[in-house]
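>>> Quick one: sequence and predicted model below, then my questions.
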Amino acid sequence: MSGFRANREILTIFAAKLVRTFSYGYLGILLPLYLADLGLSASGIGASVTMTLVGSALLTWAVRAPAERLGVRTALLGLAALTAIAAAMLLVTRNPYVVVLAAMLGNIAVGTGETGPFLSIEQVAIARAAPADRRTTVLSVYNLLGYGAAALGAAVVSLGTPHTLFAGFLAAAILQGAFYALLGRVTLGRSGPRAGPRSTPLIRRLAGLFALDSFAGGFVLQSLVAYFLHTRFDLDLETLGHVFFVAQLLTAASLLLAPRLARTWGLLLTMVVTHLVSNVFLIAIAFAPVAWLFSQSTNSVVWMGVLHLLFWFIATMFGLKFLDSGFSHSKARSSAGLYTWVIIFILVAVQMTTALRPIVGKSETGTFFPTTKKFFLSHWSDSLSAPARPAGQ
């Protein structure tokens, strides 16, 4: 495949990815709330999300043989046609069971990242079209564009009625099909003799690891988290859109940070550490006393204390790294200056926690900042001994 044609194929797939994940960005938030409005219970919504994932898995398996036999273009056009049919079903029905069937048929993404037949075929097609030395970069851009488009989709979820958003889904499916029609004939069959089975055990172990991770991730899918935030904290679609807009942007940014971490820590440690940190935050969602931590008070001193320590630790690490880099580049002969600045920085960072006193303690004026200046040890003692503020004040 020539360089120009390969680049055209890649850009065409990028364009289809953008329009598809844009609609997935708002559908993943809208779907559980829409089903709740149609009368489904919490268990029914959970079952509908499960069925959507089952449909995605079945489509991914079923499209393999046609894609290998007929080529990428035909397989993707067929999937785009199914998506258009699913969007049309969403437009003409208010039966919750038909809505769930349409979600299964249209492979609506209920998680933060896209899964399903489009992803598996497009990634192989990009790997075939991209040069070997650019393959990782091109695939990273592919995923980055997907998360960015999904973030924009989440941001517009409150700008229209469900009927309007479903019409946008139909338009996206038609536009997606138009992009796929521009693709050349890219095959997915084997290009050479079949390789030996040496890599098979490794692939099976990786598949088992991903299966375990996906099983755990199934408890905190985007659609389920959106429904949880809506029912527990009464967040509306506009607010949920803002929440997942930021979440998707942070996910996209992590794709840019991951290669640097991998070069420093190694692939395995990067994957394990980042997963552990993200899982801790996900678990903490279930114990959050309020939806917006700094917009209202909470009686949970322990909760806010943990947040104090977490934010202070992150800020301190960045500050110390900055100081270390500054002294390293200045080639200072003595480390006494570095130690002095480190002590000053830590004292200032700790003293700044007094600004958060009204959140965990009693504020005489009701303002955010305390009216009196205190040393941080005295402030902490007063905050822990002060009576808790009544809820809603």
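Happy to help now that I have it. Note that the coordinates shown come from a computational prediction; the quantities given were computed from them, not determined experimentally. Numbers count the residues shown, from 1 in each chain.

>>> What does the pLDDT read for residue 93?
Listed pLDDT for residue 93 reads 95.

>>> list the contacts for it?
Residue 93 sits next to 99, 102 when contact means C-beta atoms under 8 Å, 6 or more residues apart in numbering. Yep, even glycine has a C-beta here, placed from its N, CA and C like the rest.

>>> Go ahead and confirm residue 158 touches residue 236.
Yes. Assessed by C-beta atoms under 8 Å, residue 158 is found in contact with residue 236 at 7.1 Å.

>>> higher neighbour count, those two?
Using other C-beta atoms under 10 Å, the more surrounded residue of residue 158 and residue 236 is residue 158, with 17 against 11.

>>> Please give the element, helix or strand, for the residue nearest to the more buried one when sequence neighbours are not counted.
Excluding its sequence neighbours, the residue lying closest to residue 158 (C-beta to C-beta, 6 or more residues apart in numbering) is residue 238, at 3.7 Å. Assessed by DSSP states H and E, residue 238 sits inside helix 237-265.

>>> cool, residue 210 as well?
Per DSSP H and E: residue 210 is located in helix 200-217.

>>> Show residues contacting that helix.
Helix 200-217 has contacts (C-beta under 8 Å, 6+ apart) with 111, 275, 279.

>>> ok, the last one - contacts?
Taking C-beta under 8 Å, 6+ apart as the contact definition, residue 279 lies against residue 216.

>>> name the helices or strands packed onto the helix or strand containing residue 170?
Secondary structure from DSSP H and E places residue 170 in helix 162-181. In terms of contacts (3 or more C-beta pairs under 8 Å, 6 or more residues apart in numbering; DSSP states H and E), helix 162-181 is packed against helix 3-37, helix 72-92.

>>> Quick one: list the elements packing against the shortest one.
Judged by 3+ C-beta pairs under 8 Å, 6+ apart, helix 72-92 is in contact with helix 64-70, helix 96-105, helix 117-129, helix 162-181.

>>> Which of the ones you listed sits closest to residue 29?
Residue 29 sits nearest to helix 162-181 of all the helices and strands packed on helix 72-92, at 9.9 Å, using C-beta to C-beta.

>>> My guess is residue 251 contacts residue 147. True?
Yes. Between residue 251 and residue 147 there is a contact under C-beta under 8 Å: 5.0 Å.

>>> Which residues are in contact with each of the two?
In contact with both residue 251 and residue 147: residue 113, using C-beta under 8 Å, 6+ apart.

>>> rewinding a little: sort out for me which of the contacts of helix 200-217 are in strands.
Taking DSSP state E, every one of those sits outside strands.

>>> wait, doesn't residue 138 sit right on residue 126?
Yes. Counting by C-beta under 8 Å, residue 138 does reach residue 126; the two are 5.9 Å apart.

>>> Return every residue with contacts to both of the two.
residue 10.

>>> And the two? Which one has more around it.
More crowded of residue 138 and residue 126, by other C-beta under 10 Å: residue 126, with 21 against 18.

>>> Kindly give the local confidence score, pLDDT, for that one.
pLDDT for residue 126: 90.

>>> the domain parsing of the chain - what is it?
3-189+218-285, 301-385 (automatic domain parsing).

>>> Reformat the helices and strands packed on helix 162-181 as CSV; add mean neighbour count and distance to residue 178.
Output for those, formatted as CSV (neighbours: other C-beta atoms under 10 Å; distance: least, C-beta to C-beta, whole Å):
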stretch, mean neighbour count, distance to residue 178
helix 3-37, 21, 9
helix 72-92, 20, 9
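
>>> where among the ones you listed is the average confidence lowest?
Ranked by mean pLDDT, the helices and strands packed on helix 162-181 bottom out at helix 3-37, with a mean of 89.

>>> Next, the angle helix 96-105 makes with the next helix or strand after that helix.
The first helix or strand that comes after helix 3-37 along the chain, using DSSP H and E, is helix 42-62. Counting by axes from the mean of the first three to the mean of the last three C-alpha atoms, to 10 degrees, helix 42-62 lies at 30 degrees to helix 96-105.

>>> Check which helices and strands helix 42-62 sits against.
Under the contact criterion of 3+ C-beta pairs under 8 Å, 6+ apart, helix 42-62 touches helix 3-37, helix 96-105, helix 117-129, helix 222-233.

>>> can we see that at 6 Å?
When contacts are defined as 3 or more C-beta pairs under 6 Å, 6 or more residues apart in numbering; DSSP states H and E, helix 42-62 packs onto helix 3-37, helix 96-105, helix 117-129.

>>> how about the nearest residue to residue 25, chain neighbours excluded?
Residue 25 sits nearest to residue 153 (C-beta to C-beta, 6+ apart), 2.3 Å away.

>>> For burial, what's the neighbour tally of the one you found?
By other C-beta under 10 Å, neighbour count at residue 153 equals 30.

>>> can you tell me which helix or strand it belongs to?
Counting by DSSP H and E, residue 153 is found in helix 135-155.
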